[in-house]
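**Q** what would the 3D arrangement of this be:
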Amino acid sequence: MAKRDPNKTARNKRGKEITSQLAKMWPKVSGDSGYDSQQSFNALIGGKAATFIDLKEKVIKSADEYVSEYLRGFKKARETDGWTAGGTPFSATTLKANFETLTKTKATKEYFLLFLQRSFLRHYDELVRTRPSATDSEIWIGQNNCDYGLLITPRFNKSAEWENDKSEIRHFPKLYWTIGHVITTGLVVQGDPTPINFNGIEEYLNFFTKVLVRPSGSKYEKEIATLYCNYVRSQKKPEDVPLLIPELRYRGKEKKHKYRLDFCVIDPVTLEKVGFELSPWSSHGHIAGTAKKTQKEINAEALKNFEKEAKKMREYFQKHRITTLIYTDEQLVDTGKIFDEVSAYLEGSHEVTQLEFSLVEEFL
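**A** Predicted coordinates for the structure are as follows:
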């Protein structure tokens, strides 16, 4: 039997206590507010959360912060007709009337704030989670005419293109950019409404080595890929292992790519990215026909090759915030040692930073 999370248990307990408090307060609040239905009064508060807080992007770590963000948005919406942080806009006149109802008496104010605290506890896992921005919520890999997309909440739109359902990203049940992620969503091909699904981890690893990595023709990439598959199989929770993302396209889903990064790992919690570029001299620096070239010409060609590699790494960092580790012939002699370095990033940050509700409960 899985061990219970004491923090989650404490959160649930506190949520039930608040529900009980709200029920006891309701007769007084009903009389003060003029609302006969507690459900309708609750909807007056909870139904506007997405309007006042950008729940798709905002990361909120505490009930106090949640209340503060709600009140800040509520104030701005009352002052700016039609303003919204991300949900359905309401008229300022309507919101002013709602505010008067919610703050009419001491009882309605206390109920209002308690309800917001309970809302935070109920949606805790979603609210405290760092979520990728709109531009970082999809990745595209592979060569031209052999490219695939990995999205978080994929849907095929009316324009026959794949996109994320942005409203559902924070509800995604798996750790982002992990084995569990790709098993849940599959991979997509732009213009094709049928995703490529995988019936289990082994089926994905087989696709990873034979379809995603093999076309590169690099023996080093194949060796790293094999070591990665063995690493995944050896883990107690293989679904939580970050993906070793091959051939990450610089221009994403654009038809023609500019660069591809050999491998990349995205931390499933912090979303920090690190790239791995395998750069043997034979394919990244070798200069052919030197017997027919002057030293000046050779130096100029070598400089051009060097500048090209440096520009690629610089642009990946500037556009995608990917810091890249480069491995040359000296390191490529032993891909096992290289994978030891890669595996340090595969450990990931598996758990979101938790507020210690259990310690607070114990203290009380």
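
**Q** quick check, residue 65 in a strand?
**A** No: with DSSP: H, G, I helix; E, B strand; the rest coil as the criterion, residue 65 is located in helix rather than a strand.

**Q** can you give me the neighbour number for it?
**A** 15 (other CB atoms under 10 Å). In this view, the C-beta of every residue, glycine as well, is placed from N, C-alpha and C.

**Q** so which strand or helix has residue 269?
**A** For residue 269, there is no host helix or strand (DSSP states H and E).

**Q** that one: how many residues sit nearby?
**A** Residue 269 has 17 neighbouring residues, counting by other CB under 10 Å.

**Q** ok, what's across the strand from the residue nearest to residue 193 when sequence neighbours are not counted?
**A** Nearest residue to residue 193, sequence neighbours excluded (CB to CB, 6 or more residues apart in numbering): residue 156, at 4.5 Å. Beta bridges link residue 156 to residue 162, judged by DSSP bridges.

**Q** and residue 363, what pLDDT?
**A** On the pLDDT scale, residue 363 is placed at 38.

**Q** now do residue 211
**A** pLDDT, read off for residue 211, is 95.

**Q** ditto for residue 23
**A** Value listed for residue 23 in the pLDDT field: 96.

**Q** over to residue 337?
**A** 96.

**Q** got the contact list for it?
**A** Residue 337 makes contact with residue 331 under the criterion CB atoms under 8 Å, 6 or more residues apart in numbering.

**Q** tell me which helix or strand it sits in.
**A** Applying DSSP H and E, one finds residue 337 within helix 335-346.

**Q** before we move on, what about residue 126?
**A** Per DSSP H and E: helix 124-127 holds residue 126.

**Q** how about that helix as CSV, C-alpha atoms only?
**A** Provided in CSV are the C-alpha atoms of helix 124-127 (Å, rounded to 0.1, in the frame of the first residue of the first chain):
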residue,chain,number,x,y,z
TYR,A,124,-3.2,23.2,-4.0
ASP,A,125,-1.4,20.8,-6.3
GLU,A,126,-2.3,22.8,-9.4
LEU,A,127,-1.7,26.2,-7.9
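
**Q** ok, and what's touching that helix?
**A** 11, 55, 58, 59, 60, 66, 120, 170, 171, 352.

**Q** tell me which two of those sit farthest apart.
**A** Among those, the pair separated by the greatest distance (CB to CB) is 11 and 58, at 19.4 Å.

**Q** what about the stretch 101-250 of the chain, any weak spots by pLDDT?
**A** Nowhere does the stretch 101-250 of the chain drop to pLDDT under 70.

**Q** what about the helices in it?
**A** Ranges of helices in the stretch 101-250 of the chain, per DSSP state H, counting those that start in this stretch, are 106-122, 124-127, 179-185, 201-207, 219-234.

**Q** dump those to JSON lines, plus distance to residue 89 and mean neighbour count.
**A** As requested, these are exported to JSON lines (distance: least, CB to CB, whole Å; neighbours: other CB atoms under 10 Å):
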{"stretch": "helix 106-122", "distance to residue 89": "20", "mean neighbour count": "19"}
{"stretch": "helix 124-127", "distance to residue 89": "22", "mean neighbour count": "19"}
{"stretch": "helix 179-185", "distance to residue 89": "31", "mean neighbour count": "20"}
{"stretch": "helix 201-207", "distance to residue 89": "42", "mean neighbour count": "16"}
{"stretch": "helix 219-234", "distance to residue 89": "46", "mean neighbour count": "17"}
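
**Q** would you format these as TSV with distance to residue 139 included?
**A** Putting the helices of the stretch 101-250 of the chain into TSV (distance: least, CB to CB, whole Å) gives the following:
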stretch	distance to residue 139
helix 106-122	31
helix 124-127	22
helix 179-185	11
helix 201-207	15
helix 219-234	17
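
**Q** for residue 280, find the nearest of these.
**A** Closest of those to residue 280 is helix 219-234, at 7.0 Å (criterion: CB to CB).

**Q** how far away is the residue lying closest to residue 261 once chain neighbours are set aside from residue 128?
**A** Using CB to CB, 6+ apart and skipping the chain neighbours, the partner closest in space to residue 261 is residue 248 (4.3 Å). Note on residue 248: its distance to residue 128, by CB to CB, to the nearest Å, is 28 Å.

**Q** looking at these two, which one has more neighbours?
**A** Legend: neighbour count by other CB under 10 Å for residue 248 and residue 128, higher for residue 248 (23 against 17).

**Q** the helix or strand harbouring residue 42: how far from the chain's middle?
**A** Taking DSSP H and E as the criterion, residue 42 maps to helix 38-46. Here helix 38-46 is found 31 Å from its chain centre; the criterion is CA atoms, centre = their mean, to the nearest Å.

**Q** could you list every helix and strand that that helix packs against?
**A** Helix 38-46 sits against helix 6-33, helix 92-102, helix 106-122, with contacts defined as 3 or more CB pairs under 8 Å, 6 or more residues apart in numbering; DSSP states H and E.

**Q** no further queries at this time; thank you.
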